[in-house]
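Asks: sequence and predicted structure are below.
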Amino acid sequence: MAIAPESSLFVLARGGRSTAMAVSMVELHKRSYSATSLLLPSPARELYFSRSLSIPSRPVKRSWCNISSFSPVVMSFMTSSKLIDGKSIAKKVREEISSEIMKIKDSTGIVPGLAVILVGSRKDSQTYVRNKKNACEDVGIASYEVNLSEDCTEEEVINHISVFNDNSAVHGILVQLPLPRHMNEEKILNAVSIEKDVDGFHPLNIGRLAMQGRDPLFVPCTPKGCMELLRRYDIEIKGKRAVVIGRSNIVGMPTALLLQRENATVSIVHSYTKNPEEITRQADIVISAAGVANLVRGSWLKSGAVVIDVGINPVDDANNPRGYRLVGDVCFEEACNVASAITPVPGGVGPMTIAMLLSNTLSSVKRIHSLN
């Protein structure tokens with residue numbers, strides 16, 4: 001078999017039979033992966049490959065992986081879908097933010113500040129807050145953190161919000177969700193100054209998002225991240241038919257509003273929709289935020305659709321040291337055979353959410369200090 005000079009040879013073997021497959025390095029580069037030629041050892045259920053965010057300038061350390069434990073991202077080499085790499089885009093966005101913050105510091109001495117209020121001891125919330133704090137440090141944003149006990153009162157939370165509202169060193173305030181059940185989430189979020197609502201959850205910001213001719217001060221981070229991925233991959237929205245699966249206040253509803261503002265024709269699929277598969281199959285762009293593992297099958301998608309998978313769902317996996325792995329709302333293996341472009345889980349929308357939080361904080365400091 002003739003192999004193009006720019007290709008690497010993958011050799012897969014199953015049950016004593018070998019198959020050679022040439023994979024274009026150009027295509028792999030588009031998908032932000034690199035690959036190296038391989039020969040399989042015996043027994044032949046292993047594949048040598050390397051993964052990086054760009055074609056490396058130096059040799060990549062070799063590693064062996066079992067085919068049966070491949071992530072959907074690696075298996076996407078064998079599909080026609082283009083991988084929308086949120087991790088690499090988020091990295092680029094953070095570099096841009098860091099550069100701009102450095103210029104602001106040098107010219108004005110102003111340091112952007114983000115305050116985070118965490119109520120309770122949920123492990124996942126603690127992890128999210130830690131990741132946000134580390135991201136702030138990476139780009140030069142000062143972080144302020146308040147940790148409150150699970151049984152604290154609404155008044156205590158609101159008092160801390162008020163202090164941050166009045167603190168000129170704080171340009172963004174984030175209340176980590178979910179809050180304990182005894183708290184009124186709406187009341188607490190409403191206490192955040194609209195000028196510092198970098199999460200974009202204040203009702204005035206959401207209201208402006210829904211109205212023509214009025215721009216919100218901030219857009220919720222995950223929906224904004226979805227739109228940024230579409231923009232950076234030059235995916236046309238205007239005039240396209242889009243379907244959003246899920247209608248939460250945090251993701252689904254604001255995402256639908258953003259698509260509408262970009263002149264897409266938008267439908268929302270939710271738990272009471274009678275024909276979700278039929279509606280979704282009409283879409284040029286599908287954004288799923290249902291929180292149900294592998295809900296969207298390949299049969300739900302029309303050929304060439306663009307798929308943004310917001311879902312992050314744990315499923316049991318005895319082969320994983322943690323006992324589980326993360327998957328999206330979309331059945332990746334099936335969707336890859338139909339979609340023209342798709343985000344992986346993890347590594348798709350997730351990294352963009354924090355990047356957009358940093359972006360909103362930067363926008364806030366520029367607005368407050370008239371730096372535009």
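Replies: Right, received. Where do you want to start?
Asks: which is the next helix or strand following the lengthiest helix in the chain?
Replies: Assignment by DSSP state H gives helix 86-108 as the longest helix of the chain. Using DSSP states H and E, the helix or strand that follows helix 86-108 towards the C-terminus is strand 113-119.
Asks: follow-up on the earlier one: does anything pack onto the longest helix of the chain? Which helices or strands?
Replies: helix 123-139, helix 221-232, helix 350-368 (3 or more C-beta pairs under 8 Å, 6 or more residues apart in numbering; DSSP states H and E). In this view, the C-beta of every residue, glycine as well, is placed from N, C-alpha and C.
Asks: of the ones you listed, which is nearest G109?
Replies: Evaluated with C-beta to C-beta, these place helix 350-368 nearest to G109, the distance being 12.1 Å.
Asks: quick check: angle from the closest one to helix 123-139?
Replies: Angle, helix 350-368 to helix 123-139, by axes from the mean of the first three to the mean of the last three C-alpha atoms, to 10 degrees: 60 degrees.
Asks: mind checking the SS state of E145?
Replies: Three-state assignment for E145 (DSSP: H, G, I helix; E, B strand; the rest coil): strand.
Asks: excluding sequence neighbours, find me the nearest residue to it.
Replies: V116 (5.1 Å; C-beta to C-beta, 6 or more residues apart in numbering).
Asks: pretty sure that neighbour sits against K132.
Replies: Yes - here V116 reaches K132: they are 6.2 Å apart, a contact under C-beta atoms under 8 Å.
Asks: any common contacting residues for those two?
Replies: With contacts taken as C-beta atoms under 8 Å, 6 or more residues apart in numbering, V116 and K132 have S143, L174 as neighbours in common.
Asks: picking up where we left off before, what separates the longest helix of the chain from the chain centre, distance-wise?
Replies: Distance of helix 86-108 from its chain centroid, counting by C-alpha atoms, centre = their mean, to the nearest Å, is 18 Å.
Asks: would you put the C-alpha positions of that helix in PDB?
Replies: Provided in PDB are the C-alpha atoms of helix 86-108 (Å, rounded to 0.1, in the frame of the first residue of the first chain):
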ATOM      1  CA  GLY A  86     -11.800  23.300  23.700                       C
ATOM      2  CA  LYS A  87      -8.600  22.700  25.700                       C
ATOM      3  CA  SER A  88      -6.300  24.300  23.100                       C
ATOM      4  CA  ILE A  89      -8.800  27.200  22.400                       C
ATOM      5  CA  ALA A  90      -9.100  27.900  26.200                       C
ATOM      6  CA  LYS A  91      -5.300  27.900  26.500                       C
ATOM      7  CA  LYS A  92      -5.100  30.500  23.700                       C
ATOM      8  CA  VAL A  93      -7.800  32.600  25.300                       C
ATOM      9  CA  ARG A  94      -6.000  32.600  28.600                       C
ATOM     10  CA  GLU A  95      -2.800  33.600  26.900                       C
ATOM     11  CA  GLU A  96      -4.600  36.600  25.300                       C
ATOM     12  CA  ILE A  97      -6.200  37.600  28.700                       C
ATOM     13  CA  SER A  98      -2.800  37.300  30.500                       C
ATOM     14  CA  SER A  99      -1.200  39.600  27.900                       C
ATOM     15  CA  GLU A 100      -3.900  42.200  28.200                       C
ATOM     16  CA  ILE A 101      -3.800  42.100  32.000                       C
ATOM     17  CA  MET A 102      -0.100  42.600  32.000                       C
ATOM     18  CA  LYS A 103      -0.500  45.700  29.800                       C
ATOM     19  CA  ILE A 104      -3.200  47.100  32.200                       C
ATOM     20  CA  LYS A 105      -0.900  46.500  35.200                       C
ATOM     21  CA  ASP A 106       2.000  48.200  33.500                       C
ATOM     22  CA  SER A 107       0.100  51.200  32.300                       C
ATOM     23  CA  THR A 108      -2.200  51.800  35.300                       C
END
